[in-house]
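Participant: What follows is a protein structure lacking sequence information:
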Ligand SMILES: O=C(O)c1ccc(O)c(O)c1
Ligand SMILES: [Mg+2]
């Protein structure tokens, strides 16, 4: 299928947008009128640039408030249209989007709307232009696609068809199934956008929170499958109004848009049983089966070693060719890399290793979805180990640890494994939590979903003393790999490192023993206020002994229908801290209810708010 994107989806000047769109490999572009109006480029310049970049100009949009108006207003509408047709001829574009009227002057009369759209199509035909009529979800009288189709059918003009926009259809919960009854050749254009489910006014939601398919909660793939069943063979065109994409680097957004389309086409293909061969079908995701390791870049061991030691980890090996130490406890492994470029903030989580059933296939999948594969600095005897960069720069390695069928990264570490299997209770890495740059949050969730095949969980907003933290977890079905993505919701945090924390959560089979061991070693534990425990007594009747224990050991508590969750936090070194968790029964969450307490406790140092 041809791939297209509307200029409104990206940041920058029209010239910047075209360059980014061409660079990301799109076939076409929708010119959003305002981008042209504010540009110094003439329509001829735009036409030439697009052609040089290999981009077809697929659509000119939007033309507003035209149909179902009194006669004098109609004359003005036709006059406006003639001017736009002239601009379109200069641009070399033959399709114009007309959105349903939002004007108070519009009359609720389908026959009148059809009659006037017929006139418009007749004029357009003289210029070789076709009109695609789109129902805006907030249109005054026409707000759903089937109503727009009814009017188009009444008008019955070869140059008049409908434009379907996934947002307007799915946001209003209109059943997309009836799309199948529209003849494919009468669907003149298809616009695609996703959105997170947010209970808000639909116009505001559309103008600020649209995102690329796969980044939100709408079933865009299901809608596209209905459209393709009609025989529609126009482009799949992304049209996203998003406050963050308007500010972010356009090249990167365009690439992310392309990744979204590739993943979307794959989803559509799966829905349709791959009957449409023009849809891309990247190699399937290789779902990881666990964490192999987490790597902390730390210029010196210092506090990090103290924390690991107090948690019961043992240093079990050193890399044969690099300044990297291996620390282990059970199947939890931490690499401490003192050779990487020093972060100004001290220790930082630089990489995660994921157990993959087929590392080579994991890399192929990542490449097909446009993730940068990292060059490897590999010694002659090192096991092959491939990695890709996640959007926040975290390196994601694909591993097969100590399996007979595959060389293992762990063999690159010298045998200093006398203390392996130490006495501690920690069994494995439960999850990692990565703070995302605010303008890469949607990109990150699409990366983990599409490249690694993880499932998104609910989006949460968590109060921090100085703002709101947005959080969304992604995980494998069985919970073997869980990643919590966090972002500070307020741009006032920009430049503040306080919230750029990352943490590694270890699972303990006996968190009380781990907490006691940690405390006995004199290591720093995050202290939880008494008020939290007073409230906990009110919320849950756990018996006096258990409440006393939680309070004594700074343990936090949560519960869901499946089970219970106990957790505590270590102090922070650089950007990194550790969490110890114990899941009892089938508890599936991350203790999000306790995050505000944790965030407040981590902010005990007074902050100067004047910066
Ligand atoms: O928000 C709008 O006005 C608007 C304009 C054109 C579109 O195609 C659309 O979906 C929305
Ligand atoms: Mg639209």
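Facilitator: Cool, got the structure. Everything quoted here is computed from the prediction, not taken from an experiment. Residues are numbered from 1 along each chain as shown. Ligands and ions are numbered 1, 2, ... in the order given.

Participant: Break the protein into its domains for me.
Facilitator: Segmentation of the chain into domains, based on automatic domain parsing, reads 3-272, 290-604.

Participant: could you give the mean pLDDT of the last one?
Facilitator: Average pLDDT, domain 290-604: 90.

Participant: Show me how far it is from its chain's centre.
Facilitator: 20 Å (CA atoms, centre = their mean, to the nearest Å).

Participant: check contacts around whichever residue of the chain sits closest to ligand 2.
Facilitator: As assessed by CB to the ion, ligand 2 sits closest to residue 165 within the chain, at 3.6 Å. Every residue, glycine included, has its C-beta placed from N, CA and C. Applying CB atoms under 8 Å, 6 or more residues apart in numbering, we find residue 165 in contact with 134, 190-193, 239.

Participant: just the residues of this structure that are near ligand 2, which are they?
Facilitator: 165, 191, 239 (CB under 5 Å from the ion).

Participant: Comparing the domains of the chain, which comes out most buried?
Facilitator: Greatest average neighbour count among the domains of the chain goes to domain 3-272 (a mean of 20), per mean count of other CB atoms under 10 Å.

Participant: rewinding a little: could you list everything the residue of the chain closest to ligand 2 pairs with in the sheet?
Facilitator: Taking DSSP bridges as the rule, residue 165 bridges to residue 191.

Participant: Quick check: the gap between residue 237 and residue 11.
Facilitator: 18 Å (CB to CB, to the nearest Å).

Participant: Let me fix that, I meant to ask about residue 310.
Facilitator: 47 Å.

Participant: what do you get for residue 505?
Facilitator: Applying CB to CB to residue 505 and residue 11 gives a distance of 35 Å.

Participant: Let me see the ranges of the helices in the stretch 101-250 of the chain.
Facilitator: Under the criterion DSSP state H, counting those that start in this stretch, the stretch 101-250 of the chain contains helices at 110-126, 145-155, 166-171, 202-209, 220-229, 250-271.

Participant: before we move on, the earlier item: with the residues of the chain next to ligand 2 in mind, which one is nearest to ligand 1?
Facilitator: Of all these, residue 165 has the smallest distance to ligand 1: 4.7 Å, by CB to the nearest ligand atom.

Participant: per-residue pLDDT, that closest one?
Facilitator: 98.

Participant: List the residues that contact the closest residue to residue 196 other than its chain neighbours.
Facilitator: Excluding its sequence neighbours, the residue lying closest to residue 196 (CB to CB, 6 or more residues apart in numbering) is residue 216, at 4.6 Å. Contacts for residue 216 were tallied using CB under 8 Å, 6+ apart; they are 194-197, 210.

Participant: Out of those, which one has the weakest pLDDT?
Facilitator: Out of the contacts of residue 216, that is residue 197, at 90.

Participant: distance of the residue nearest to that residue when sequence neighbours are not counted from residue 210?
Facilitator: Nearest residue to residue 197, sequence neighbours excluded (CB to CB, 6+ apart): residue 217, at 4.4 Å. To residue 210, residue 217 is 12 Å away according to CB to CB.

Participant: which residues are common contacts for these two?
Facilitator: By CB under 8 Å, 6+ apart, the residues touching both residue 217 and residue 210 are 194-195.

Participant: Helix, strand, or coil at the closest residue to ligand 1 within the chain?
Facilitator: Nearest residue of the chain to ligand 1 (CB to the nearest ligand atom) works out as residue 62 at 3.8 Å. Following DSSP: H, G, I helix; E, B strand; the rest coil, the label given to residue 62 is strand.

Participant: For it, give its distance to residue 102.
Facilitator: For residue 62 relative to residue 102 (CB to CB), the value is 11 Å.

Participant: Closest one to residue 19 out of the residues of the chain next to ligand 2, please.
Facilitator: residue 239 (19.2 Å; CB to CB).

Participant: contacting residues around the closest one?
Facilitator: 5-6, 8-9, 30, 165, 167, 191-193, 210.

Participant: now residue 415
Facilitator: residue 317.

Participant: Tell me the secondary structure at it.
Facilitator: From three-state DSSP, the assignment for residue 415 is coil.

Participant: Renumber starting at 380 from here on
Facilitator: I'll keep to 380 as the first residue from here, and by that count the last item is residue 794.

Participant: For residue 809, what are phi and psi?
Facilitator: phi -80, psi -50 (degrees, to the nearest 10).

Participant: Which residue comes closest to it once chain neighbours are left out?
Facilitator: Residue 809's closest residue in space is residue 886 (CB to CB, 6+ apart), at 4.1 Å.

Participant: and the one you found, backbone torsions?
Facilitator: According to degrees, to the nearest 10, residue 886 has phi -90, psi 130.

Participant: what pairs with it across the strands?
Facilitator: Beta-bridge partners, per DSSP bridges, of residue 886: residue 807, residue 960.

Participant: so it touches residue 963, yeah?
Facilitator: No: Residue 886 lies out of contact with residue 963 (CB atoms under 8 Å); the separation is 11.3 Å.

Participant: Now for these two: what residues contact both?
Facilitator: By CB under 8 Å, 6+ apart, no residue touches both residue 886 and residue 963.

Participant: So for the nearest residue to residue 551 once chain neighbours are set aside, what pLDDT did the model give?
Facilitator: Once flanking residues are discounted, residue 551 sits nearest to residue 516: 5.0 Å by CB to CB, 6+ apart. Reported pLDDT at residue 516 in the predicted model: 98.

Participant: so residue 516 sits right up against residue 550, yeah?
Facilitator: Yes: Residue 516 is in contact with residue 550 according to CB under 8 Å; the separation is 5.4 Å.

Participant: overlap in contacts of these two?
Facilitator: 581, 585.

Participant: Show me where the stretch 730-879 of the chain has its helices.
Facilitator: Under DSSP H, counting those that start in this stretch, the stretch 730-879 of the chain gives helices at 738-747, 820-825.

Participant: For those, give me a markdown table that also has distance to ligand 1.
Facilitator: Shown next, in a markdown table, are these (distance: least, CB to the nearest ligand atom, whole Å):
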| stretch | distance to ligand 1 |
| --- | --- |
| helix 738-747 | 30 |
| helix 820-825 | 19 |
